[in-house]
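1. prediction below, plus the sequence it came from.
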There are 2 protein chains.
Amino acid sequence: MPLPFAAATETADALVALFVVLLAAKLGDELFKRIHQPAIVGEILAGVLVGPSLLGFVEPDEALELFAELGVVFLLFWVGLETKVSDLREVGGTAIRVGVMGVIVPFAAGFGLGIAIGEDAQTSTFIGAALVATSVGITSAVLIELGVLDSRAARTILGAAIVDDILALVLLAVAVGVAEGDVDVASIGVVIGLAAGFVAFVGLGGTAIMRRRPGLLHTPRFSESPLLPAVLLCLGLAAFAAQIGLAAIIGAFFAGMIVAETRDQHPIEEEIAPLYAFFPPFFFAFIGTQVDLDALLDLETLALLAGVTIVAIATKLAGGVIGARSMGRRDALLVGTGMVPRGEVGIIVAGIGVTAGVIDEQLFAVIVGMSILTTLLVPPFLRRMTANPSG
Amino acid sequence: MPLPFAAATETADALVALFVVLLAAKLGDELFKRIHQPAIVGEILAGVLVGPSLLGFVEPDEALELFAELGVVFLLFWVGLETKVSDLREVGGTAIRVGVMGVIVPFAAGFGLGIAIGEDAQTSTFIGAALVATSVGITSAVLIELGVLDSRAARTILGAAIVDDILALVLLAVAVGVAEGDVDVASIGVVIGLAAGFVAFVGLGGTAIMRRRPGLLHTPRFSESPLLPAVLLCLGLAAFAAQIGLAAIIGAFFAGMIVAETRDQHPIEEEIAPLYAFFPPFFFAFIGTQVDLDALLDLETLALLAGVTIVAIATKLAGGVIGARSMGRRDALLVGTGMVPRGEVGIIVAGIGVTAGVIDEQLFAVIVGMSILTTLLVPPFLRRMTANPSG
């Protein structure tokens, strides 16, 4: 609209983008619920629709990315609120096996696939790394929607996702080192040390402190309502995790687990619920806006996309099933399926590969396409598997 | 922290900035409550502290600006939820007089001051325009804190702020036209028409529709909870208002008034409360981060700042008191005082003047300083005036 002056237009335009994305996500959500499909698939497809590929109403810019990040942060904070440390301890051994196998198998297959299609070792390392990291945000949202977040399989997936993210971080550090022709063993040691330290001190230490002093967050010395202290803990740990290279959502998840140990858990859940309703739709729609349909529209690229996606699904499923075989066939299959979505994580790895100069435009579009396909295909399967307990 | 690779660092850094700003604002808020001072003053000063002027922990960048904008949007949405159209109608005549007088007197004085200190007509027009616009966000927050939002004086301030914003918009269009040496009467006519049409159709029409169909937002056809439809109405009208050059908060305020007519008002209030707790601290702290203490640290600038601030306070107070004289001395003084804070609006006008090339660095720092001083000085006075009903 032509205006006689530019009145803070950037912010005005950002408001329009937020409105369009939230409206589209909400409509996609409602439509998919009505046709008995997973709501988040509707939200992701709404993002594809309003994004640059189709209608072009919004660009996946920095502001939208920040809202998307807060979306998955509040999503995992919510999941953490529903999770006790003892729940994770119970599934610990299995979760570690699932996480480790779910990294080794997809990485090896992705690397092999890269070599097979004629890429060099550097690019193949990145393809392997992009196939590794599970997006626990997607699976969590589906498990919440299905009401099975407190099942053994769900907890195993959450625990495995943490192991998965730490190993993926190490692999990514190695991949960047390989791309730059300089694998710095000391730096990678620091990465591993920081990540392990974060899990030990924050995840285990933080919850232990809170179990001993369950009123800590709700001290009238600091705040009338426990909401902002809880949100600050969530943002602070998310920011810290992101700064040491882990996924921000691991910090948010631990923050949720810490708050879950306080006596204020239930009032906080009620107060967090609106933030949990407001932010996550940006996460799902943002994933959709990143797809580049034009770049995928030739036979060679489509064939590559199909191949990479099949490898991505088969290897993660295999890793999960092998790692969780002690849980019985049905649960092992559920865990394996839950680890398949790559969501935003595959996209981030591919983006780092583009920056490092070893992933070209075609390969980037393929990895983004794979991330979204794995994300869209899994929810209907999870729904069917949990709806049929006799299977 | 040196990392072996750049893992989505922009978003990771944005998370840190959000955490630092929210933590600082919350600490400032709690500290000022404890010393019996207005909480928002503590939040603004916390922004000064962590901003570039002092500690330099955060920059007032685009992401923070968007959170600040959403902060004042949810603040005015909340105020709108507490306001009925009939409340505004009751004070309509007085509000218009306060709005008009509160624009004419400060503009004339600001223009005169500009000429007196040797600026040309273009720059003087901008100084006048920067003195005009009241930040209703600041006053609203104080009125909420004092629990007097439903008083006649508070409603008069809200109504006057709408009139004020429309007139300020017209003045700003004129000021930009003057700066560019081309006052486009047709464009300015469009601005006035759009603004007036928005108020008439959205403010009056929207609430009238909602009064007739109070269940409109909460139709199970669209959504299970009325929260997201209400938030979408708020964001949509805020974005629309901003696109036609009005303040986004006018759209948000009307959205709140529309929702206030539905039968879902109370559940929506409960669900909006956490968003209202989360976002507004960014608004207040952001105002603080914009102050440039270094640029103010010479005698000439300080003298200019003192002069501009005195003119800003005296003229807005005079305009308010004259416009509201029919309400009696005490309420007229309350209304006049409530119109004094310039908050973010003065800063925005000055920023547009910098872009147009007619406001230099010194003058920008002075106008920002004036905006913040008027904002910091008013809350304690409002508190004293409302605490002493016999005055």
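-> Received, thanks.

2. test my guess that residue A:269 contacts residue A:80.
-> No. At 11.1 Å, residue A:269 does not count as touching residue A:80 under the criterion of C-beta atoms under 8 Å. The C-beta positions use only the backbone N, C-alpha and C, and glycine is treated the same way.

3. between the two, who's got more neighbours?
-> For residue A:269 versus residue A:80, the count of surrounding residues by other C-beta atoms under 10 Å in any protein chain shown is larger for residue A:80: 27 against 17.

4. hmm, residue A:252 and the more buried one touching each other?
-> Yes. Look at residue A:80 against residue A:252 with C-beta under 8 Å: they come within range, at 6.7 Å.

5. name the residues of stretch A:146-162 that are buried.
-> A:146, A:148-149, A:152-162 (16 or more other C-beta atoms under 10 Å in any protein chain shown).

6. again, but for stretch A:82-96
-> A:82, A:83, A:84, A:85, A:87, A:88, A:91, A:94, A:95.

7. neighbours of the nearest residue to the second one once chain neighbours are set aside, how many?
-> If you skip the residues right next to it in sequence, residue A:83 has residue A:257 as its closest partner in space, 5.4 Å away by C-beta to C-beta, 6 or more residues apart in numbering or on different chains. By the criterion of other C-beta under 10 Å, residue A:257 has 26 neighbours.

8. ok, now residue A:317?
-> That count, for residue A:317 with other C-beta under 10 Å as the rule, works out to 22.

9. for the helix or strand containing it, packing partners?
-> Using DSSP states H and E, residue A:317 maps to helix A:299-323. In terms of contacts (3 or more C-beta pairs under 8 Å, 6 or more residues apart in numbering or on different chains; DSSP states H and E), helix A:299-323 is packed against helix A:92-116, helix A:121-132, helix A:293-296, helix A:329-338, helix A:361-387.

10. would you turn those helices into CSV with distance to chain B and mean pLDDT?
-> CSV is the format used below for the helices and strands packed on helix A:299-323 (distance: least, C-beta to the nearest C-beta, whole Å; pLDDT from 0 to 100):
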stretch, distance to chain B, mean pLDDT
helix A:92-116, 17, 95
helix A:121-132, 11, 92
helix A:293-296, 21, 89
helix A:329-338, 24, 94
helix A:361-387, 14, 90
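
11. between those helices, which one is closest to residue A:69.
-> If you check each of the helices and strands packed on helix A:299-323 against residue A:69 by C-beta to C-beta, helix A:361-387 wins as the nearest, at 15.9 Å.

12. so what's the gap between the closest one and the chain middle?
-> 12 Å (C-alpha atoms, centre = their mean, to the nearest Å).

13. likewise stretch A:116-124?
-> 26 Å.

14. next, the distance between the ends of it.
-> Its start and end residues considered, stretch A:116-124 measures 9 Å (C-alpha to C-alpha, to the nearest Å).

15. sort out which residues of that stretch are buried, please.
-> A:119, A:122, A:123, A:124.

16. widest-spaced pair of the buried residues of stretch A:82-96?
-> Checking these with C-beta to C-beta, the most distant pair is A:82 and A:94, at 19.3 Å.

17. quick check on the spatially most central residue of chain A: phi, psi?
-> What sits nearest the mean C-alpha location of chain A, by C-alpha atoms, centre = their mean, is residue A:135, with 3.1 Å. Here is the backbone geometry of residue A:135 (degrees, to the nearest 10): phi -90, psi 100.

18. and the pLDDT for it?
-> Confidence at residue A:135, expressed as pLDDT, is 86.

19. could you measure from it over to chain B?
-> Distance, residue A:135 to chain B, using C-beta to the nearest C-beta, to the nearest Å: 14 Å.

20. now do the contacts for the closest residue in space to that residue that isn't next to it in sequence.
-> Residue nearest to residue A:135 in three dimensions, not counting chain neighbours: residue A:343, with 2.6 Å by C-beta to C-beta, 6+ apart. Applying C-beta atoms under 8 Å, 6 or more residues apart in numbering or on different chains to residue A:343 gives the contacts A:135, A:137, A:138, A:287, A:371, A:374, A:375.

21. widest-spaced pair of those residues?
-> A:137 and A:374, at 12.9 Å, using C-beta to C-beta across those.

22. neighbour count for these two, which is higher?
-> A count of neighbours by other C-beta under 10 Å puts residue A:137 above the other of residue A:137 and residue A:374, at 29 against 24.

23. that one against residue A:75, yeah?
-> Yes. Counting by C-beta under 8 Å, residue A:75 is a contact partner of residue A:137 at 5.5 Å.

24. shared neighbours of those two, anything?
-> The contact lists of residue A:137 and residue A:75 share A:249, A:283, where a contact means C-beta under 8 Å, 6+ apart.

25. and stretch A:244-259, how far from the chain's centre?
-> Counting by C-alpha atoms, centre = their mean, stretch A:244-259 comes out at 12 Å from the chain centroid.

26. stretch A:188-197 too?
-> 21 Å.

27. and it, what's buried?
-> A:188, A:190, A:191, A:194, A:195.

28. how close does residue A:246 sit to residue A:140?
-> 17 Å (C-beta to C-beta, to the nearest Å).

29. try residue A:373
-> Using C-beta to C-beta, we find residue A:373 at a distance of 19 Å from residue A:140.

30. repeat that for residue A:146.
-> Distance from residue A:146 to residue A:140, by C-beta to C-beta: 11 Å.

31. repeat that for residue A:118.
-> 37 Å.

32. likewise for residue A:114?
-> 30 Å.

33. residue A:19 too?
-> 26 Å.

34. which parts of the least confident helix or strand in chain A by mean pLDDT are buried?
-> When each helix and strand of chain A is scored by mean pLDDT, DSSP states H and E, helix A:207-212 comes last, with a mean of 82. Neighbour-count burial for helix A:207-212 flags A:207, A:210 (criterion: 16+ other C-beta under 10 Å).

35. got a list of contacts for stretch A:113-122?
-> In contact with stretch A:113-122 (C-beta under 8 Å, 6+ apart) are residues A:123-128, A:175, A:178-179, A:304, A:307-308, A:311, A:358, A:363.

36. now rank the residues you listed by neighbours and give me the top one.
-> Busiest of the contacts of stretch A:113-122 [other C-beta under 10 Å] is residue A:127, holding 32 neighbours.

37. OK, contacts around it?
-> Here residue A:127 is in contact with A:110, A:111, A:113, A:114, A:119, A:308, A:363, A:367 (C-beta under 8 Å, 6+ apart).

38. repeat that for residue A:126.
-> Residue A:126 neighbours (C-beta under 8 Å, 6+ apart): A:114, A:175, A:179, A:349, A:350, A:353, A:356, A:358, A:359.

39. which residue sits closest to it in space, ignoring its chain neighbours?
-> Counting by C-beta to C-beta, 6+ apart, the residue nearest residue A:126 is residue A:353, at 4.1 Å.

40. pretty sure that neighbour sits against residue A:128.
-> No. Counting by C-beta under 8 Å, residue A:353 does not reach residue A:128; the two are 10.9 Å apart.

41. quickly list what's touching both of these two.
-> Taking C-beta under 8 Å, 6+ apart as the criterion, residue A:353 and residue A:128 both touch residue A:175.

42. next SSE downstream of the helix or strand hosting residue A:251?
-> Assigned by DSSP H and E, residue A:251 belongs to helix A:248-260. For helix A:248-260, the following helix or strand on the C-terminal side (DSSP H and E) is helix A:265-278.

43. so where is chain A shaky, pLDDT-wise?
-> A:1-8, A:215-224, A:388-391 (pLDDT under 70).

44. residues in contact with residue A:255?
-> Counting by C-beta under 8 Å, 6+ apart, the residues that residue A:255 touches are A:77, A:80, A:230, A:233, A:234, A:236, A:237, A:238.
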